[in-house]
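Student: Kindly generate the corresponding structure for this input.
(chains A, B, C and D)
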2 protein chains.
Amino acid sequence: MSDDLVVPEIDTMVHEPARLRLLTYLSLLERADFVYLLGQSGLSKGNLSVQMGNLAEAGLVRVEKEFVNNRPRTTYALTTEGRARLAAYRRTLAAILDALPAG
Amino acid sequence: MSDDLVVPEIDTMVHEPARLRLLTYLSLLERADFVYLLGQSGLSKGNLSVQMGNLAEAGLVRVEKEFVNNRPRTTYALTTEGRARLAAYRRTLAAILDALPAG
DNA sequence: CGTCGGAGGTTTGTTTCGTAAACTAGGTTC
DNA sequence: GAACCTAGTTTACGAAACAAACCTCCGACG
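Tutor: The predicted structure follows:
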């Protein structure tokens, strides 16, 4: 019946709101630490810890742990792959949104 | 301190991949029935039924049930509110994506 | 009659998300 | 040195998403 009309697959690792938020910050800031992301994202400590763990395990972010003033500091940054996945996601969503009416 | 850098809230009723997919079809087609969406979306019958129920309960889609050739047919269409929510979502996501690098 | 198939759900069970609370491990304060 | 703070991690548990299997209604076929 002619209708291909296929909505493309969405990368759920990126799409998930909490992670998309975090990835967006990292994309804008290049690097950010746990405390900053905690305040900025509004996520709970536990959720932030888990989601960063997920992103790291999936290879989208790199984690650096060090001690500063005798206190732990965990810093995150996008990996090359993370950047690529985000860019691909951006294209996918742009395609979907473009199909939607009303600018 | 200057950093407002706030990523806007996402409408999860729309954002959720399965529902976003369904809403996109409805947006493009104006109306679609259960069987069509089943084939096009790749969702299971169960999930499709549940997600359409969610969307209907949230007031984003209107449901029409009738019998055609003595067989049931369920047709869905966006409501005015559904259209508005989708448009708002579109703007929100566009804002997020615009902040991301790499056009 | 019996049963096959299609439309539309509901039930069951797994996975993921999210919050809250407990826990770890060190530092500072009195 | 007991009480508290900071930075994270882990655990417990509920809600939602999802797939697969099963159930219902009804007309068609043999």
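Student: For the closest residue to A:Y25 other than its chain neighbours, pull up the helix or strand it's in.
Tutor: Nearest non-adjacent residue to A:Y25, counting by CB to CB, 6 or more residues apart in numbering or on different chains: A:A32, 5.7 Å away. C-beta: built from backbone N, CA, C; applies to glycine. Using DSSP states H and E, A:A32 sits in strand A:31-33.
Student: Can you name the residue of chain A nearest to DNA strand C?
Tutor: Distances between chain A and DNA strand C by CB to the nearest atom of the strand are smallest at A:G46, namely 3.0 Å.
Student: Return the backbone torsion pair for A:T74.
Tutor: phi -110, psi 120 (degrees, to the nearest 10).
Student: residues touching it, list them.
Tutor: A:33-34, A:52, A:63-65 (CB atoms under 8 Å, 6 or more residues apart in numbering or on different chains).
Student: quick revisit: which SSE is immediately downstream of the one helix or strand the residue of chain A closest to DNA strand C maps to?
Tutor: In the assignment (DSSP H and E), A:G46 maps to helix A:45-57. Downstream of helix A:45-57, the first helix or strand assigned by DSSP H and E is strand A:61-68.
Student: Spell out which parts of chain A neighbour chain B.
Tutor: Residues of chain A lying close to chain B (CB under 8 Å from any CB of the partner chain) are A:3, A:5-7, A:10, A:12, A:15, A:17, A:20-21, A:24-25, A:27-29, A:40-41, A:86-87, A:90, A:93-94, A:96-97, A:99-102.
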